[in-house]
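1. I'll drop the sequence and a predicted model, then ask my questions.
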Amino acid sequence: MRVKRTCYLFDNIEWCGNSTETDGIEKYPSICPGYEVGPDCQKSAQSVFWETASKFYARSAHGDVHVMLNASISPAFPKESYFGNNELPNINGSKVKKATILMVHSLDDPVLETCSSESIKNLMARFTAKEISPSCIDNPRDVQMLMCSENLSDPNCSILRSSGAKRTMMTPYLIFLIFCFKSLNIFV
């Protein structure tokens, strides 16, 4: 996506713990271990952080949830992912009643997966097993609008003028956000 990402405080930050620092965080990430697993370290600080954050996030979910997946990769729902390993198992079916899967492809990339793809059928079955009602939308119109708002002349944005893109309940909110982002020049 071309939209500048906001609110991702930990993107591209390397860090690890240091017991001699007052805040417990190593100031020189070059000496931090990465995601590599070795005989003395089964998991890095970063991977443990993301696993814990994913589990906490999933346990906090309630009501109707939306899962946005990249339809430009295959499988769109890999079984071995933070979502598949940490979030999905920790979603509470008594708190979450509906899950809407949004299959979104990058404007410049081909569509490799759709709602009828095997990985999505697997994901829907896993939601159903938790007594969560799944649904799936290919190419949701409101997400396309957000992606195309920077360059409506992009040939891939003609989707906005056709009925092929599905309108979802988030459309009014995304239109408002697009207006705010444009007003604040937040786009890259």
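-> Good, I have the coordinates.
2. burial count for residue 103?
-> When counting by other C-beta atoms under 10 Å, one arrives at 25 neighbours for residue 103. Bear in mind the C-beta positions are built from the backbone N, C-alpha and C, glycine included.
3. any idea which element it lies in?
-> strand 96-104 (DSSP states H and E).
4. could I get the buried residue list for that strand?
-> Buried residues in strand 96-104, defined by neighbour count with 16 or more other C-beta atoms under 10 Å: 96, 99-104.
5. which residues touch it?
-> With C-beta atoms under 8 Å, 6 or more residues apart in numbering as the test, strand 96-104 has contacts from 61-71, 76, 91, 113-115, 120, 123-124, 127, 130, 132-140, 143-144, 147, 168.
6. what about those, which are in helices?
-> Members of the contacts of strand 96-104 lying in helices (criterion: DSSP state H): 120, 123-124, 127, 143-144, 147.
7. adding neighbour count, write those out as a markdown table.
-> Conversion of the ones in helices among the contacts of strand 96-104 to a markdown table gives the following (neighbours: other C-beta atoms under 10 Å):
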| residue | neighbour count |
| --- | --- |
| 120 | 23 |
| 123 | 25 |
| 124 | 19 |
| 127 | 21 |
| 143 | 22 |
| 144 | 21 |
| 147 | 21 |
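8. can you lay out those as CSV showing pLDDT?
-> Listed next are those as CSV, based on pLDDT from 0 to 100:
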residue, pLDDT
120, 97
123, 97
124, 98
127, 97
143, 84
144, 82
147, 81
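9. among these, which two are most distant?
-> With C-beta to C-beta as the measure, no two of the ones in helices among the contacts of strand 96-104 lie farther apart than 127 and 147, at 25.6 Å.
10. outline the domain layout of this structure.
-> Taking automatic domain parsing as the reference, the chain has its domains at 62-138, 139-188.
11. weakest of those in terms of mean pLDDT?
-> Comparing mean pLDDT across those, the weakest is domain 139-188, with a mean of 62.
12. separation between residue 129 and residue 89?
-> For residue 129, the distance to residue 89 (C-beta to C-beta, to the nearest Å) stands at 11 Å.
13. that concludes my questions; thank you for your assistance.
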